Structure formats: C-alpha cells, structure tokens
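Asks: Task: produce atomic coordinates for the following.
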Amino acid sequence: MQLLAIFTLTEFDSLTAELRDVETQELLTVVDDNPTDRRAFQDQVTAAAAALGHHVIEWDRSQLAS
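Replies: So this is what the prediction gives:
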C-alpha cells in the first residue's frame, strides 16, 4: 500500500507522523519520534511503514510551518 505521512508537532514539541492510505486517507498508524532512536525522524517513519509492509510515497510537512 502506498502511504502519505503527515508530520505534526505535539503540544510538547515532539514530532509525530500519521501514516494514511494515499487513496482512501484511512489512518493506519501514528508514529511518534523516539528520542532514543538516533535515526532521523523520516527514517523512523519509513521503517514503521516498512514494518507494516507498505511504503511512504508522499510527505506532508505543511503543519510544521510556524
């Protein structure tokens, strides 16, 4: 399945990403930034999608703009 990752900042300034089906916009999972994981957050999101057997084809960072 092809996924859209929508990045947001929580009220505590940590990153999250919603993984949604590109076609239906169905929410599959939410990935929270793991501060103990030394990989970039985008790499964490990519790994989470792969663990579900899917891949991210679109990245939406528009909600990160201040």
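
Asks: And the helices in the chain, which stretches?
Replies: 41-51 (DSSP state H).

Asks: low-confidence ranges in it?
Replies: 66 (pLDDT under 70).

Asks: Centroid-nearest residue for it?
Replies: Ala17 (3.0 Å; C-alpha atoms, centre = their mean).

Asks: ok, it - contacts?
Replies: 5-8, 30-31, 41, 45 (C-beta atoms under 8 Å, 6 or more residues apart in numbering). The C-beta positions use only the backbone N, C-alpha and C, and glycine is treated the same way.

Asks: The same query, at a cut-off of 6 Å, please.
Replies: Shown in contact with Ala17 (C-beta atoms under 6 Å, 6 or more residues apart in numbering): 5, 7, 31, 45.

Asks: List the beta-bridge partners for the first one.
Replies: What that stands for is Ala5. Leu19, Trp59 (DSSP bridges).

Asks: my guess is it contacts Val45, does it?
Replies: Yes: between Ala5 and Val45 there is a contact under C-beta atoms under 6 Å: 5.2 Å.

Asks: Disregarding flanking residues, what is the spatial nearest neighbour of Ile57?
Replies: Gln2 (4.6 Å; C-beta to C-beta, 6 or more residues apart in numbering).

Asks: whoops, I mixed them up, Thr29
Replies: Counting by C-beta to C-beta, 6+ apart, the residue nearest Thr29 is Leu19, at 5.1 Å.

Asks: my guess is the one you found meets Leu27, correct?
Replies: No: taking C-beta under 6 Å as the definition, Leu19 is not a contact partner of Leu27, at 7.5 Å.

Asks: what about those two, which has more around it?
Replies: Each of Leu19 and Leu27 has its neighbours counted (other C-beta atoms under 10 Å); Leu19 has more, 21 against 11.
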